[in-house]
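Asks: Pasting the sequence and the predicted coordinates here, then a few questions.
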Amino acid sequence: GFGIIPKVIAAFMLGFFPIVVSTVMGFKSVDPDMLDLARSMKAGRLATFARISLPQALPSIFAGLKVSITLAVVGAVVGEFVGSNSGIGYLLQIANGNFDLPLMFAALTVLSAIGVVLFVAVDMIERLVIPWHASQRNDAVVAA
C-alpha cells in the first residue's frame, strides 16, 4: 500500500530478526557459574537479570542493533520501491528508469551516509551503556 505504514513495516521486518537472534544468543551465553553464584546468594530473578544476565548479554544485543539499523534503512528503501511517490527509494527508481546515473549515485551516497550515521549513533550509545566491555577499550593490544 501507500503511505508510511508499509515502509515502517518493511524496515521493522528486516531489522527485527537480527536483534532477536543476537539477544537470544546473548542470554544463552551468560556464564552459568555466575547464575549459580547468584542463586547461592539468594538473589531474586529480577536482581539476577539486572546484575548478571543483562550486562553479559548487552554486547550481543548491541551487535544485533548495529546490524539491524543498517538493514532497517534497506527495508525503508525497499518499502519506497514498492509503493511510494516520494522518498529516496522512489528517487532511485526514477533515476534508474531515466538512466540518470549522477542522481542515482547521489541517492546511494545519501543512503550510505544515513546508514553510517545511524550505525555510529548506535555505537556511541553502546560506548555509553557498556564502557566496561572489551570492545570499548582503547588499550587493546594485539598479541602477535
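Replies: Sure, I can see it. No experiment lies behind these values; they were computed from the predicted model shown.
Asks: How many neighbouring residues does residue 13 have?
Replies: Using other CB atoms under 10 Å, residue 13 has 14 other residues around it. To be clear about C-beta, it is placed using only N, CA and C from the backbone, and glycine gets the same treatment.
Asks: separation between it and residue 47?
Replies: Residue 13 is 35 Å from residue 47, where distance means CB to CB, to the nearest Å.
Asks: same for the helix or strand of the chain with the lowest mean pLDDT, what does it pack against?
Replies: One helix or strand of the chain scores below all others by mean pLDDT, DSSP states H and E: helix 88-97, with a mean of 85. Counting contacts by 3 or more CB pairs under 8 Å, 6 or more residues apart in numbering; DSSP states H and E, helix 88-97 is packed against helix 54-82, helix 101-129.
Asks: mind listing what residue 122 touches?
Replies: Taking CB atoms under 8 Å, 6 or more residues apart in numbering, we find residue 122 in contact with 62, 65-66, 69.
Asks: and the spatially most central residue of the chain, how far is that from residue 109?
Replies: Closest to where the C-alpha atoms of the chain average out (CA atoms, centre = their mean) is residue 65, at 2.2 Å. For residue 65, the distance to residue 109 equals 24 Å [CB to CB].
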